[in-house]
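Peer 1: Fold the following, please.
(one chain, ligands or ions: 1)
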Amino acid sequence: MSNDYKIISNNFKLPKTILAPMAGITDVVLRSIVRSYSENTLLTTEMISAEALCNKPNVKISEVVENEAPIFCQLVGHKIEKMTKAAKILEPKCQGIDINMGCPVKKVTSGGDGCSLMLNPNLAYDIVQAMKETVKLPISVKFRLGFTKEQENFIEFGQLMEKAGANFITVHGRYRSQMYSGTSNWDKIGELVKNVSIPVFANGDILSYEDSQKCLMTTNAYGVSIGRGILYDVSLLSRIENNDKNVMSFQNKIKVLKDYIKKECNYRSEKVAIKFMRKFYPFFINNLKNASKYRLALMSEETLNGVNKILDEILSNYLLEV
Ligand SMILES: Cc1cc2nc3c(=O)[nH]c(=O)nc-3n(C[C@H](O)[C@H](O)[C@H](O)COP(=O)(O)O)c2cc1C
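Peer 2: Okay, here's the model as predicted:
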């Protein structure tokens, strides 16, 4: 990846890779693991409800610890007063604030938040402008191609976000109506890049180093934002920055997973963490010969010791086969 970093608002050197915000996934533990591989990548918190934060300024989800910088906190909401108040609460602990205008989930959009702001560009504009006036930090916006294909408006929307003062934007190349089906349309992201002057981060379906290169070639974007791909290889963002094509070995993946589970046990208690970790196993043990058998065993295990034993067995069987 090239080294032509842009300096944006508040003298912030804008990284070229972003850990995309993922609710229930990019918690403080996963972020610390990603950071251990990459000093430079821009971390993002899970989405934090502006309303919830205003009611409870120390809500656990907004926790940011030492050594996380550079990190952006992501806010979701649509009430200007709540969004600006929440931004003020977050200001001391992060380097910037990302506004969620892409979440497709009905619970979020039905209340006027997330991707439904793409249906209300004037309000989206006012939110960004008000947040720029309230905090000194850079403000970014994450959105999709539109609410539906028929309502596609990502170019006008991106231009409007730029006019409102957004320092950069991230675009997930799907419509809200697609949720996570189909593929992220990188050609469309490329169209946006041609039509705005602020940096654009391309998002969606970048699962490998090779994907990142293809995506950057197609879009000419400033950088990439990666969500699910990080779960297949926690070093992916660092590898992209350093032009390193070598995927993480399976031995290392298992080592990372064991460390991850242990850290989640310390963070959430063993009982909660063991259940919490179940959603991650398919990513870590994909491509294995007996993946579904192992997944089932891991899913029904209730203790840290039990999970570790299964992971040891998976690794020794793997080593026997290679
Ligand atoms: C489980 C999950 C939770 C997500 N939570 C958020 C969120 O809190 N805020 C947000 O802007 N996007 C959220 N996303 C969307 C991702 O940031 C990203 O746009 C999407 O997964 C596509 O990128 P990827 O293919 O690299 O994963 C979430 C995605 C997943 C799969």
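Peer 1: how about the residues of the stretch 51-200 of the chain that lie near the ligand?
Peer 2: Residues of the stretch 51-200 of the chain lying near the ligand by C-beta under 6 Å from any ligand atom: 74, 100, 102-103, 142, 172. For the C-beta atoms, the positions are set from N, CA and C on the backbone; glycine is no exception.
Peer 1: For Val193, list the residues it contacts.
Peer 2: Going by C-beta atoms under 8 Å, 6 or more residues apart in numbering, Val193 touches 200, 219-222.
Peer 1: helix or strand for it, which one?
Peer 2: In this structure, Val193 is located in helix 186-195 according to DSSP states H and E.
Peer 1: related to what we said a few turns ago, in strands, which of the residues of the stretch 51-200 of the chain next to the ligand appear?
Peer 2: 74, 100, 142, 172 (DSSP state E).
Peer 1: Among the residues you listed, find me the one that's closest to Tyr5.
Peer 2: Lys142 (20.0 Å; C-beta to C-beta).
Peer 1: Output the ones in strands among the residues of the stretch 51-200 of the chain next to the ligand in CSV; the columns should cover neighbour count and pLDDT.
Peer 2: Listed next are those as CSV, based on neighbours: other C-beta atoms under 10 Å; pLDDT from 0 to 100:
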residue, neighbour count, pLDDT
Gln74, 25, 98
Asn100, 25, 98
Lys142, 27, 98
His172, 28, 98
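Peer 1: Out of the residues you listed, the closest to Thr148 would be?
Peer 2: Closest to Thr148, out of all of these and judged by C-beta to C-beta, is His172, at 14.6 Å.
Peer 1: The closest one against Gly204, yeah?
Peer 2: Yes: using C-beta atoms under 8 Å, His172 makes contact with Gly204 at a distance of 4.7 Å.
Peer 1: residue ranges for the helices of the stretch 151-300 of the chain, please.
Peer 2: Assignment of helices within the stretch 151-300 of the chain using DSSP state H, counting those that start in this stretch yields the ranges 154-164, 186-195, 209-219, 229-232, 236-241, 250-268, 270-276, 281-284, 291-300.
Peer 1: Mind giving me the packing neighbours of the first one?
Peer 2: Judged by 3 or more C-beta pairs under 8 Å, 6 or more residues apart in numbering; DSSP states H and E, helix 154-164 is in contact with helix 121-134, strand 139-143, strand 168-172, helix 186-195.
Peer 1: Buried residues of the last one, list them for me.
Peer 2: Within helix 186-195, the residues that qualify as buried by neighbour count (16 or more other C-beta atoms under 10 Å) are 186, 188-190, 192-193.
Peer 1: Ile226 against Leu19, yeah?
Peer 2: Yes: with contact defined as C-beta under 8 Å, Ile226 reaches Leu19; the gap is 6.8 Å.
Peer 1: Could you pull out the residues contacting both of the two?
Peer 2: Leu237.
Peer 1: returning to that earlier point: got TSV for the helices of the stretch 151-300 of the chain, with mean pLDDT and distance to Asn55 too?
Peer 2: Below are the helices of the stretch 151-300 of the chain laid out as TSV (pLDDT from 0 to 100; distance: least, C-beta to C-beta, whole Å):
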stretch	mean pLDDT	distance to Asn55
helix 154-164	98	27
helix 186-195	98	35
helix 209-219	98	39
helix 229-232	96	31
helix 236-241	97	33
helix 250-268	97	22
helix 270-276	98	23
helix 281-284	94	34
helix 291-300	94	35
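Peer 1: Spatially, what comes nearest to His78 if we skip its sequence neighbours?
Peer 2: Gly112 (4.4 Å; C-beta to C-beta, 6 or more residues apart in numbering).
Peer 1: how near is the residue lying closest to Ile261 once chain neighbours are set aside to the ligand?
Peer 2: The shortest distance from Ile261 to any non-neighbouring residue, by C-beta to C-beta, 6+ apart, is to Met277 (5.3 Å). Note on Met277: its distance to the ligand, by C-beta to the nearest ligand atom, to the nearest Å, is 14 Å.
Peer 1: Ok, Ile18 next?
Peer 2: 9 Å.
Peer 1: so what's that residue bridging to?
Peer 2: Judged by DSSP bridges, the bridge partners of Ile18 are Leu42, Ser225.
Peer 1: So what's the residue count around it?
Peer 2: By the measure other C-beta atoms under 10 Å, the count of residues near Ile18 is 26.
Peer 1: Fine by me, thanks again.
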